[in-house]
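Chemist: Need the 3D shape of this:
(one chain, ligands or ions: 1)
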Amino acid sequence: MNALEIRKDFPILNQLINGHPLVYLDSAASSQKPRQVIEALRHYYETNHSNVHRGVHTLGSRATEAYELAREKVARFIHAPSPEQVIFTRGTTESLNMVAYGYARAFLKPGDEIVLTPAEHHSNLVPWQQAAKATGATLKYIPLQADGTIRLEDVRATVSANTKIVAMAHVSNVLGTIHPIREIADVAHAVGAIMVVDGAQSVPHLPVDVQALDCDFLAFSGHKMLGPTGIGVLYGKRKWLDAMEPTYFGGEMIDVVELYDSTWKDTPWKFEGGTPIIAGAIGLAAAVDYLTDIGMEAVRDHDHRLAEYAFQQLKEIDGVTIYGPEDGRQRGGLVTFNVLNVHAHDVSTVLDAEGVAIRAGHHCAQPLMRILNVSSTARASFYLYNTESDIDKLAAAVRTAKEFFQHALG
Ligand code: C6P
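Modeler: I've put the predicted structure just below:
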């Protein structure tokens, strides 16, 4: 994988920010888009746009074909047994809410348990809190180790005969921790619970095979994997999708509508009420093609290498604390850190003045911030267009920030 060649496909990277070449290290928040994705959207709107599954005219057929082909490509990408198990949504947040509504609220009862980790993104936490309140189920948390990893023995000790759902990020958006989903799914299944995986940070960066993971649901977002914003995916095992009620009711998802009752289309179309996100799905398919051409093993190895390099570079700076696992094999393509006595927003502001874009804040994981005993952290996240030179610039800018504030504080 040649990151320097790949960069040429990303026009946005070729610009100066505050007089410096842009160093984009915020792909965990949202990735940039290659020409191929931008071109797929342009081509679709210029030649094939129409509504899908409705008109019998040529454009309607072309749009429908392209939309359903996108479903097939996404299914192949995550090794889903069939395209019908891929539902297009607006993103990870909507996908997880659909499971919390369609599965948890429908099937849980008082005394049932939902097992999570305290490191979850709010999108994989608040929907479960709401489902628990609505059904009388309770939430239980698997304890985190100091480095953000979890131990399988703690998973076994937390999951009980009352557990109905285990929900967890495959890769933490704050600590980068890669969780052993297959082993955890086995623990869940042994008590008859389902395994819900938040794949927002894994599907863009690792080879993900839903059959090998044996997860019951997988949620992810197109915009973090080179695709457009506004498109995401919910994968589910067929038996659950067929058993679930739709979340949205209206046009497109119905079979027969009478005055007092209606029936639904089959999975997945019953979950896609209203005009679907046609262009988004087509853009996501182009992103999947792009990633498939490069190969997800190569993407994973590249991101891993950069994260290791960043870890080493930042560790050498006095006063920098890095959070998350030391062992590079347990860490995805990001590094989260703080600089002693400097607020993460101030670090980020100085970095931006040097052209380096990182994210600072609570990263939508407030309970985890409390465990780390901080209000916010700085996070640099990497993708296939980043190079070692980007990380050298990150480390130099962090040194500048540190010196600037040391000087300012006297
Ligand atoms: N994390 C980050 O900077 P949406 O917003 O629906 O596309 O994705 C939500 C989401 C869910 N789970 C995880 C693990 C995530 O990382 C995210 C998005 C971004 O970390 C924006 S807060």
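Chemist: Name the nearest residue to Gly136, ignoring sequence neighbours.
Modeler: Pro110 (3.1 Å; CB to CB, 6 or more residues apart in numbering). (Each C-beta comes from the backbone N, C-alpha and C, glycine too.)
Chemist: Output the set of residues of the stretch 201-350 of the chain in proximity to the ligand.
Modeler: Gln201, Ser221 (CB under 6 Å from any ligand atom).
Chemist: What segments of the stretch 201-350 of the chain are helices?
Modeler: 210-213, 238-243, 278-294, 296-315, 344-353 (DSSP state H, counting those that start in this stretch).
Chemist: In the last one, which residues are buried?
Modeler: Within helix 344-353, the residues that qualify as buried are Ala344, Asp346, Val347, Ser348, Val350, Leu351, Asp352, Ala353, counting by 16 or more other CB atoms under 10 Å.
Chemist: Touching, the fourth one and Ala378? I think so.
Modeler: This means Ser348. Yes - counting by CB atoms under 8 Å, Ala378 is a contact partner of Ser348 at 6.0 Å.
Chemist: on that earlier part again, same list, the helices of the stretch 201-350 of the chain, but as CSV with distance to His79 and mean pLDDT please.
Modeler: Putting the helices of the stretch 201-350 of the chain into CSV (distance: least, CB to CB, whole Å; pLDDT from 0 to 100) gives the following:
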stretch, distance to His79, mean pLDDT
helix 210-213, 5, 98
helix 238-243, 14, 97
helix 278-294, 12, 98
helix 296-315, 11, 96
helix 344-353, 37, 96
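Chemist: Out of these, which one sits most buried?
Modeler: Highest mean neighbour count among those (mean count of other CB atoms under 10 Å): helix 278-294, with a mean of 22.
Chemist: So which residues make contact with that helix?
Modeler: 1, 6, 9, 33-34, 36-37, 39-41, 44-45, 49, 51-52, 63, 66-67, 69-71, 73-74, 77, 88, 204, 222, 225-231, 233, 299, 384 (CB atoms under 8 Å, 6 or more residues apart in numbering).
Chemist: List the ones among those residues that fall in helices.
Modeler: Among those, DSSP state H puts 6, 36-37, 39-41, 63, 66-67, 69-71, 73-74, 77, 299 in helices.
Chemist: Out of the residues you listed, which end up buried?
Modeler: Buried, going by 16+ other CB under 10 Å: 6, 37, 40-41, 63, 66-67, 70-71, 73-74, 77, 299, out of the ones in helices among the contacts of helix 278-294.
Chemist: ok, so of those residues, who is nearest Ala100?
Modeler: Closest approach between those and Ala100, by CB to CB: Val74, at 21.8 Å.
Chemist: show me what contacts the closest one?
Modeler: Here Val74 is in contact with Ala80, Pro83, Val86, Val233, Ala281, Leu284, Ala285, Val288 (criterion: CB under 8 Å, 6+ apart).
Chemist: rerun at 6 Å
Modeler: Val86, Val233, Val288 (CB atoms under 6 Å, 6 or more residues apart in numbering).
Chemist: Which pLDDT does the model give it?
Modeler: In this model, Val74 is scored at 98, pLDDT.
Chemist: Compute the distance between Asp261 and Leu241, please.
Modeler: 22 Å (CB to CB, to the nearest Å).
Chemist: right, I mislabeled it, should have said Thr400
Modeler: Thr400 is 51 Å from Leu241, by CB to CB.
Chemist: Repeat that for Val342.
Modeler: Distance from Val342 to Leu241, by CB to CB: 48 Å.
Chemist: now swap in Asp289 and tell me
Modeler: Counting by CB to CB, the gap from Asp289 to Leu241 is 25 Å.
Chemist: Ile78 now?
Modeler: 15 Å.
Chemist: how about the residues of the stretch 51-200 of the chain near the ligand?
Modeler: Gly91, Thr92, Thr93, His121, Ser123, Asn124, Ala169, Asn173, Asp198, Ala200.
Chemist: Quick check: nearest residue in space to the last one, chain neighbours excluded?
Modeler: Which is Ala200. Thr92 (4.2 Å).
Chemist: What's opposite Val257 in the beta bridge?
Modeler: For Val257, the beta-bridge partners are Ser262 (DSSP bridges).
Chemist: circling back to that earlier point, what do Ser348 and Ala378 both touch?
Modeler: Residues touching both Ser348 and Ala378 by CB under 6 Å, 6+ apart: Ile358, Ala360.
Chemist: Contact partners for the residue in the stretch 301-410 of the chain that the ligand sits nearest to?
Modeler: Per CB to the nearest ligand atom, Cys364 is where the stretch 301-410 of the chain lies closest to the ligand, at 4.0 Å. Counting by CB under 6 Å, 6+ apart, Cys364 touches His121, His122.
Chemist: let's number from 889 now, not from 1
Modeler: Let's use 889 as the start, then, which means that last one is Cys1252.
Chemist: where does it land on pLDDT?
Modeler: 95.
Chemist: and it, how far is that from Thr980?
Modeler: Distance from Cys1252 to Thr980, by CB to CB: 11 Å.
Chemist: again, but for Glu1276
Modeler: Taking CB to CB, one finds Glu1276 at 30 Å from Thr980.
Chemist: repeat for Ile1210
Modeler: In terms of CB to CB, Ile1210 sits 26 Å off from Thr980.
Chemist: Looking at these two, which is more packed in?
Modeler: Using other CB atoms under 10 Å as the criterion, Ile1210 and Thr980 rank with Thr980 on top: 27 against 17.
Chemist: any chance you could read off phi and psi for the more buried one?
Modeler: phi -60, psi -40 (degrees, to the nearest 10).
Chemist: you'd agree it is up against Leu1106?
Modeler: No - applying CB atoms under 6 Å as the test, Thr980 and Leu1106 come out as separate, 9.8 Å apart.
Chemist: three-state assignment of Asn1274?
Modeler: coil (DSSP: H, G, I helix; E, B strand; the rest coil).
Chemist: which one is it nearest to, not counting chain neighbours?
Modeler: Using CB to CB, 6+ apart, the closest residue to Asn1274 is Leu1194 (5.7 Å).
Chemist: give me every residue that touches Ala916.
Modeler: Asn1061, Leu1222, Ser1269.
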